[in-house]
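Novice: pasting the structure only:
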C-alpha cells in the first residue's frame, strides 16, 4: 500500500477555522460530521465564488465550475481530477462537460468498458478505471492490472510495455472476442491515458478538503478569511 501524506497549508487553515468558530460562536465543528449535501455550498461553487477554497480557486477551475455545476460530492471528485495538465492535454475535459450537460451522447468504445467508465460518463479520468478496464475487457487479474499501471508510470520500460501489450491483446481476444481496430483503439487509449491518470483515492481526499473549505466560506465567512490569513503563505492568491 502506498500512502501520500501531504503537508497542505489548507489543513492548517481548516484547523484555525475550527478554533475560530468555537471561539466566536461556541460551536465545535467536527469536519467528519458535516453533511455532504449542503445545497448552499454547491450553489456558491456553481457561481465560481471560490477564492480561498482548496484546489478550485485558480482561473481554470473558476471557468469550469459554472459549466460542470457540481451538485453532489462526487462532482467535486471529478472537478479536482479534470483541471490538471493530463486531462486537458488528453482531451477529457470538454467531452466530460459536454456529456454532463447533455450536449454529447455518452458512448463506450466497447460494452465491456461500461462498468469502469459509467460513473465518469464514458470518459476515463482515474488510474483505478484503467486497471478495471484491463480486468473487465482483457481478463487481467488484479495483480496484472496493477503491473500495467506501474509499467505505464513515468519510467516506462519498452520491454515491459511490449510484453503487456501482447498479454492485453490475447486477453481481449479470449475474454471478449475483441480484435483488430477496436483492440488497437483500446490499447492506444490506455497508453495515452496512463500518462495522466489521477488516482481516484487522491481525488476523493482532495474533494473532501474542497468541500470543508467551501463549507466554512459559506457558513462562517469571517472565520474562513481569518483562518486563511493565519495560514499564509498558501493557495493561489496573496493576502492582499
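Specialist: Right, received. Where do you want to start? Every value quoted in this text rests on a predicted model; they were computed, and no experiment measured them. Numbering: from 1, shown residues only.
Novice: look at residue 206 and say how many residues are nearby.
Specialist: Neighbours of residue 206 under the rule other Cβ atoms under 10 Å: 22. Using the backbone N, CA and C atoms, a C-beta is placed for each residue, glycine as well.
Novice: so residue 50: helix, strand or coil?
Specialist: Secondary structure, DSSP: H, G, I helix; E, B strand; the rest coil: residue 50 is coil.
Novice: not counting sequence-adjacent ones, nearest residue to it?
Specialist: Leaving aside its chain neighbours, residue 50 sits nearest to residue 56 (4.7 Å; criterion: Cβ to Cβ, 6 or more residues apart in numbering).
Novice: that neighbour contacts residue 68, correct?
Specialist: No - counting by Cβ atoms under 8 Å, residue 68 is not a contact partner of residue 56; they are 10.0 Å apart.
Novice: so how far is residue 44 from the residue nearest to residue 50?
Specialist: 11 Å (Cβ to Cβ, to the nearest Å).
Novice: now the residue nearest to residue 50: how far from residue 160?
Specialist: Residue 56 is 37 Å from residue 160, by Cβ to Cβ.
Novice: now do residue 126
Specialist: From residue 126 over to residue 160 (counting by Cβ to Cβ), the distance is 22 Å.
Novice: between these two, which is the more surrounded one?
Specialist: Neighbour comparison, residue 126 and residue 160: the larger count goes to residue 126, with 24 against 15 (by other Cβ under 10 Å).
Novice: got a list of what the more buried one touches?
Specialist: 81, 120, 197-200, 203 (Cβ atoms under 8 Å, 6 or more residues apart in numbering).
Novice: mind doing that once more with 6 Å?
Specialist: Residues in contact with residue 126 (Cβ atoms under 6 Å, 6 or more residues apart in numbering) are 198, 200.
Novice: mind pulling the model confidence for it?
Specialist: Note on residue 126: pLDDT of 88.
Novice: between the two ends of stretch 138-158, what distance do you get?
Specialist: 20 Å (Cα to Cα, to the nearest Å).
Novice: which residues sit in contact with the residue nearest to residue 112 when sequence neighbours are not counted?
Specialist: Once flanking residues are discounted, residue 112 sits nearest to residue 137: 4.2 Å by Cβ to Cβ, 6+ apart. Contacts here follow Cβ under 6 Å, 6+ apart; on that basis residue 137 touches 112, 172, 176.
Novice: give me the neighbour count for residue 147.
Specialist: 18.
Novice: before we move on, what about the one 5 residues further on?
Specialist: Residues near residue 152, counting by other Cβ under 10 Å, number 22.
Novice: buried residues of stretch 53-67, list them for me.
Specialist: 53-57, 61-62, 64-65 (16 or more other Cβ atoms under 10 Å).
Novice: what residues does that stretch touch?
Specialist: By Cβ under 6 Å, 6+ apart, stretch 53-67 touches 10, 45, 48, 50-51, 80, 83, 97, 206, 209-210, 213-214, 217, 236.
Novice: distance between it and the chain's centre?
Specialist: With Cα atoms, centre = their mean, to the nearest Å as the basis, stretch 53-67 stands 13 Å off its chain's centre.
Novice: mean confidence for that stretch?
Specialist: Mean predicted confidence for stretch 53-67 is 93.
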